[in-house]
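Asks: below is the sequence, then the predicted model.
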Amino acid sequence: VQLVESGGGLVQPGGSLRLSCVASGFTSDEYAIGWFRQASGKEREGVSCIGSPDGDIYYTEAVKGRFTISRDAAKNTVYLQMNSLKPEDTAIYYCATVHPIVLFGCKALNIWGQGAQVTVSA
């Protein structure tokens with residue numbers, strides 16, 4: 001049972017990236033899945049999460065209107081589309097299973113991916 005992220009990289013301010021989180025050993029729509037990030041010297045924060053089975057979605061205030069979380073059940077994958085990226089979005093991004101009720105935030109459970117570095121710099 002694992003989650004594997006991909007899609008990180010270096011992008012200029014204002015650019016876009018799409019992160020993917022592929023689940024193996026379970027189907028991605030069985031669990032609520034969240035994206036977290038940790039910048040150097042800062043605490044890890046919940047960025048966005050999608051509930052199960054209702055599909056409710058949560059975004060932290062800093063990314064509302066710029067990031068979009070989605071799920072493709074056929075591909076067992078959860079995506080995080082990140083647009084209008086800012087230097088302050090630079091961090092390692094992780095996906096993880098989260099508590100199924102996501103309306104008030106993302107509470108991580110026990111399955112984590114290995115992380116994907118996102119760097120926003122000119």
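Replies: Yep, it's here. Numbers count the residues shown, from 1 in each chain.

Asks: ends of stretch 50-57, how far apart?
Replies: Start-to-end span of stretch 50-57 (C-alpha to C-alpha, to the nearest Å) is 5 Å.

Asks: list the buried residues for that stretch?
Replies: Residues 50, 51, 52 are the ones in stretch 50-57 that count as buried (16 or more other C-beta atoms under 10 Å). (Glycine included, C-beta is placed from N, CA and C.)

Asks: quickly note the distance from the last one to residue 4.
Replies: Distance, residue 52 to residue 4, using C-beta to C-beta, to the nearest Å: 19 Å.

Asks: tell me what the spatially most central residue of the chain is bridged to.
Replies: Nearest to the geometric centre of the chain sits residue 35, at 2.5 Å (C-alpha atoms, centre = their mean). Residue 35 has these beta-bridge partners by DSSP bridges: residue 48, residue 95.

Asks: that one and residue 93 touch, don't they?
Replies: Yes: with contact defined as C-beta atoms under 8 Å, residue 35 reaches residue 93; the gap is 6.0 Å.

Asks: which neighbours do those two share?
Replies: 19, 47, 80 (C-beta atoms under 8 Å, 6 or more residues apart in numbering).

Asks: which strand residues bridge the last one?
Replies: Taking DSSP bridges, one finds residue 19, residue 69 as the beta-bridge partners of residue 80.

Asks: number of nearby residues for it?
Replies: 27 (other C-beta atoms under 10 Å).

Asks: check residue 33 too.
Replies: Residue 33: 29 neighbours (other C-beta under 10 Å).

Asks: now stretch 9-23: buried residues?
Replies: 11, 17, 19, 20, 21, 22, 23.

Asks: what lies in contact with it?
Replies: Defining contact as C-beta under 8 Å, 6+ apart, one finds that stretch 9-23 is touched by 2-8, 28, 31, 33, 35, 75-87, 93, 95, 113, 116-122.

Asks: and it, end to end?
Replies: Stretch 9-23: ends 21 Å apart by C-alpha to C-alpha.

Asks: kind regards, and thank you for your time.
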